[in-house]
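**Q** Provided below for reference: sequence and predicted model.
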Amino acid sequence: MAGPAVASSSAPAPASATAAAAASAAQQLPGLKRDQVDRAVASLLKHVADQRAKAASTQLFDEDEIIYLTIALKRSPHPGGPKKLKPVRIPIPHPLFKTEGAEVCLFVKDSKGGEGHKAAKARLAKFTSKGGVSKIIGLSKLRTKYESHEAKRQLCGSYDLFLADERVLPSLPKLIGKSFFKKRKQPIPIDIRAANFPEQVARVVERSTFMAPPAGSCVTLRAAREGMGAAAAAENVLAALAGAVAKVPKKWSNVQAVYIKTGESVALPIYQTLPDKPVRIEGGGGGEGGAAEGEEDEDMEEGGEEEEEAAPSKASKGKGQQQAAAPKRKAAAAAAAAKGRQPKPAHGGRRR
């Protein structure tokens, strides 16, 4: 497949407007420094350019590199809960693709005879350039032709974006495999029966990126492209970050760190914060009850130390009393011997 067409924008917004939007996005994220984002993007693009120059003879870099945004969360939003399938749309100022050049594949519902597939083709044929869709694949064909892992991997690499009839979205994860999710190419639901179908495709392709609903402690989404330049890439990163954080439970207060990277590079940090102070919880209690139990444990420990300190003093006091009583016992024993009888043993001891 030829390299995807990259757009500066089909209807480019004024530079001042996008810069103002980026500044506004940065202000919504306390502690995030715009200059740190600019430096990280510039370093990442320089690294990609150096790698491209080294591999020029092997033609390994025939496409623009995608810049990914990774958000590490302090707490998982839904630990152990069901995983949501519908990707979340995040608006961005500069498009990753343009409709005229992007390779877009659409998954549709059909019967074993492929009737739904044929109907979808006939419907899209009414639109200019098929509404921006390059390939239509029915579920029956997806089950048979793309059954093997290798076939699914090749399908994933053959197109820039994947759309899906919103009615078949729940059936797709088992049919497309893990490659789509690893490459952040999970299908985006769309209403193919709507009259504004081409407008839906244009909005998906040119004015959006998408985030899988967070199920763990890390969120990754496509934010920019190498070919759009450092300034536009930084603006996209800020817009994608602000949009993604708005969809995360507890929003910015739940963000531990933010990184940017390409598919093969190391992750460059653009924001980091210290983790929350751990809270000690004893037993099943929590909150104030757990803290009270912890304080009670400390009091008990301190009381134990006091008892240990008091124990030696008690032992020494008892020993002194015994030493003081020894002469009296000797005198009583002498008096008893003089009277010709044995004295009673002290403390109920055994007679000698």
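**A** Received it, and whenever you're ready, just let me know what you need.
**Q** which ones are touching residue 256?
**A** Neighbour list for residue 256: 72, 73, 74, 272, 273, 275 [criterion: Cβ atoms under 8 Å, 6 or more residues apart in numbering]. C-beta: built from backbone N, CA, C; applies to glycine.
**Q** List just the nearest of those to residue 164.
**A** residue 73 (27.2 Å; Cβ to Cβ).
**Q** correct me, but that closest one touches residue 258?
**A** No - judged on Cβ atoms under 8 Å, residue 73 makes no contact with residue 258 at a distance of 10.4 Å.
**Q** Mind checking which of those two has more residues around it?
**A** Applying other Cβ atoms under 10 Å to residue 73 and residue 258 shows that residue 258 carries more neighbours, namely 26 against 19.
**Q** so that one is in which element?
**A** Taking DSSP states H and E as the definition, one finds residue 258 inside strand 255-261.
**Q** Give the buried residues for that strand.
**A** Buried residues in strand 255-261, counted by 16 or more other Cβ atoms under 10 Å: 255, 256, 257, 258, 259, 260, 261.
**Q** mind listing what it pairs with, with the direction of each?
**A** Using DSSP bridges, strand 255-261 pairs in its sheet with strand 66-73 (antiparallel), strand 268-272 (antiparallel).
**Q** Just say which of those is most tucked in.
**A** Across the strands paired with strand 255-261, averaging neighbours per residue (mean count of other Cβ atoms under 10 Å) puts strand 66-73 on top, at a mean of 20.
**Q** Mean confidence (pLDDT) on that one, please.
**A** Taken as a whole, strand 66-73 carries a mean pLDDT of 93.
**Q** so which of the buried residues of strand 255-261 comes closest to residue 40?
**A** Nearest to residue 40 among the buried residues of strand 255-261, counting by Cβ to Cβ, is residue 260 at 5.7 Å.
**Q** I'd say that closest one and residue 234 touch.
**A** No - with contacts counted by Cβ under 8 Å, residue 260 stays clear of residue 234, the gap being 9.4 Å.
**Q** For these two, list the residues in contact with both.
**A** Jointly contacting residue 260 and residue 234 under the rule Cβ under 8 Å, 6+ apart are residue 41.
**Q** Select, out of the strands paired with strand 255-261, the one closest to residue 27.
**A** Short answer: strand 268-272, nearest of the strands paired with strand 255-261 by Cβ to Cβ, at 13.9 Å.
**Q** is it true that residue 271 touches residue 252?
**A** No - here residue 271 does not reach residue 252: they are 9.7 Å apart, not a contact under Cβ under 8 Å.
**Q** quick one: the spatially closest residue to residue 123 that is not a sequence neighbour and residue 34, what's the gap?
**A** Computed as Cβ to Cβ, 6 or more residues apart in numbering, the closest residue to residue 123 that is not its neighbour in sequence is residue 192, at 6.8 Å. Here residue 192 is placed at a distance of 41 Å from residue 34 (Cβ to Cβ, to the nearest Å).
**Q** These two: which is more packed in?
**A** Higher neighbour count among residue 192 and residue 34: residue 192, with 23 against 16, using other Cβ under 10 Å.
**Q** hmm, back to that, need the pLDDT of the residue nearest to residue 123.
**A** 82.
**Q** Same check on residue 317?
**A** pLDDT, residue 317: 52.
**Q** And for residue 149?
**A** pLDDT at residue 149 comes out at 90.
**Q** right, and it touches residue 177 too?
**A** Yes - look at residue 149 against residue 177 with Cβ under 8 Å: they come within range, at 6.2 Å.
**Q** Which one's more surrounded, the two?
**A** Neighbour tally, residue 149 and residue 177, criterion other Cβ under 10 Å: the higher count belongs to residue 177, 19 against 11.
**Q** which ones are touching the nearest residue to the more buried one once chain neighbours are set aside?
**A** Among residues not flanking residue 177 along the chain, residue 152 sits closest, at 4.2 Å (Cβ to Cβ, 6+ apart). When contacts are counted by Cβ under 8 Å, 6+ apart, residue 152 touches 146, 176, 177, 179, 180.
**Q** Residue 152 sits in which helix or strand?
**A** Using DSSP H and E, residue 152 sits within helix 149-157.
**Q** Which positions within stretch 34-46 qualify as buried?
**A** For stretch 34-46, by 16+ other Cβ under 10 Å, it's 34, 37, 38, 40, 41, 44, 45.
**Q** Which pLDDT value goes with the first one?
**A** The score at residue 34 is 90. That number is its pLDDT.
**Q** That one touches residue 238, doesn't it?
**A** Yes - using Cβ under 8 Å, residue 34 is in contact with residue 238, at 7.4 Å.
**Q** Next up, the contacts around residue 146.
**A** Residue 146 is in contact with 137, 152, 155, 175, 176, counting by Cβ under 8 Å, 6+ apart.
**Q** Show me the domain layout of the protein.
**A** 7-94+209-301, 96-206 (automatic domain parsing).
**Q** Show me the one of these that comes nearest residue 333.
**A** domain 7-94+209-301 (47.3 Å).
**Q** now the end-to-end length of stretch 147-163.
**A** 19 Å (Cα to Cα, to the nearest Å).
**Q** buried stuff in it?
**A** Buried residues in stretch 147-163, counted by 16+ other Cβ under 10 Å: 152, 153, 155, 156, 159, 160, 161, 162, 163.
**Q** what about residue 193, distance to residue 39?
**A** Using Cβ to Cβ, we find residue 193 at a distance of 47 Å from residue 39.
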